[in-house]
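1. structure for this input, please:
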Amino acid sequence: MNPIPIKKLYNPQYDLLSISDKEELLYQIGEIYNLELISFKDFAAFRQSTYTAVYRSHDGIEFVFVPGDTVTLGFDFKNKPFQDIFNDENLAELAYPFVEGYEEEIFSEDDVQTKISEILEDEEVLSNIETYFKHNFTQEDEFVIHPLLVQKEYSETCWTPISDEELRQNKEWQQMIEKAKSTGLSETMIHNTICLYQTDDNHWHGKLYEETTFKKLLQNIKNHGYSLPTRREWEYLAGKGCRTIFPWGNNIDFSMNLKHMEWMGNDGEYTLEKENFFGLIIGDDPYCREIVYDEDKFSYKGGDGGRNICGGLGVIWGYLPVSPYFQDSEMVIGDNINGGYDFFRRVIRINDNMK
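-> Residues are numbered from 1 along each chain as shown. Prediction:
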């Protein structure tokens, strides 16, 4: 097999290849990394697209090829008035938590709008909001992101599946299932112990919780020949170098069906939990943060554990953490992983000397 010219795996060169040339390269990549090629596909989202391949590893994990690129990542709020970044609707949402007494009193719509207008002219409040953005978004800079094979969907941590046979033979677990059925529940769990759940085919499955550390998770990933993405790699995977807060722009579109916003009538199929322009399922769920790894340091991308939403800060503040460039400056990472909120995504780094 002829070696693959590595420069063809970077944009703009990769984008300029014909479909047949891309497929030949993608086939070779699968052969080199011992991956089963499932399909070729053109993934499109947010006015961006990538023609790539979906693979399956020997341990049943689906990966997609993501071409490398030289891109600007991060978002610079310096000298950018909020009125130039956000539309009026989003500005009002940003200001709303600063309306004094909004939790204790019921204001008329006119009163609320008047108070929001006052807040948006209050230099102290605007300075506090600006400080938040500057401290919780990564600095803008140019980076070379190398080509990667990336796990299509993120994986949960700490939970291990129970075999069907073990589930059937355990009387206590079966009693839990029967009790859940009798009350119309499709899931029952004991916190950080066991979770029993019913799937769409009406079968019940289970998983056990086992505490683990970040270091153990990383070692297990490495033992299987994989890596964790870096912060900047994750920003590229989630945003493809977008020059806006979100991959779709700077503003939340309130017609979006957003998870955890059921009070807006949002449930069912969620707008953001779909394949993106690389074919990746980026959770876009503020509760689901992905673990990334840079030079012996673990951190999170893609969520804040739901802190802003739980704090009653509304849609905009609640969903800011799903921005590719959000980086929670107050997050303290200990040794142990939180299996309820922490997820991870495997990557395979493509060598420059592929043969």
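
2. contacting residues for the nearest residue to residue 138 once chain neighbours are set aside?
-> Once flanking residues are discounted, residue 138 sits nearest to residue 74: 4.3 Å by CB to CB, 6 or more residues apart in numbering. Any C-beta I mention is one placed from the backbone N, CA and C, and that applies to glycine too. Applying CB atoms under 8 Å, 6 or more residues apart in numbering to residue 74 gives the contacts 137, 138, 139, 140, 141, 235, 325.

3. farthest pair in those residues?
-> In the contacts of residue 74, two members sit farther apart than any others by CB to CB. They are 137 and 141, at 12.3 Å.

4. separation between the residue nearest to residue 138 and residue 156?
-> The spacing between residue 74 and residue 156, counted by CB to CB, to the nearest Å, is 29 Å.

5. picking that back up, neighbour-wise, which of residue 137 and residue 141 wins?
-> Using other CB atoms under 10 Å as the criterion, residue 137 and residue 141 rank with residue 137 on top: 20 against 11.

6. distance of the more buried one from residue 342?
-> When CB to CB is applied, the distance between residue 137 and residue 342 equals 21 Å.

7. how far does the least confident helix or strand in the chain by mean pLDDT sit from its chain's centre?
-> For the chain, scoring each helix and strand by mean pLDDT, DSSP states H and E identifies helix 109-119 as the least confident one, at a mean of 77. Mean-position distance between helix 109-119 and its chain equals 34 Å (CA atoms, centre = their mean, to the nearest Å).

8. correct me, but residue 238 touches residue 302?
-> Yes - distance between residue 238 and residue 302: 6.7 Å, which falls inside the contact criterion (CB atoms under 8 Å).

9. who touches both of these two?
-> residue 282.

10. which strand or helix spans residue 178?
-> helix 171-182 (DSSP states H and E).

11. next, residue 328: phi, psi?
-> phi -70, psi 110 (degrees, to the nearest 10).

12. so how many other residues sit close to it?
-> Taking other CB under 10 Å as the neighbour definition, residue 328 ends up with a count of 18.

13. what about it, distance to residue 39?
-> Distance of residue 328 to residue 39, computed by CB to CB: 36 Å.

14. ok, residue 330 to residue 307 distance?
-> If you measure residue 330 against residue 307 using CB to CB, the figure is 9 Å.

15. try residue 313
-> Residue 313 sits at a distance of 9 Å from residue 307 (criterion: CB to CB).

16. would you mark the buried spots in stretch 262-281?
-> Of the residues in stretch 262-281, those buried under the neighbour-count criterion (16 or more other CB atoms under 10 Å) are 266, 270, 272, 275, 276, 277, 278, 279, 280, 281.
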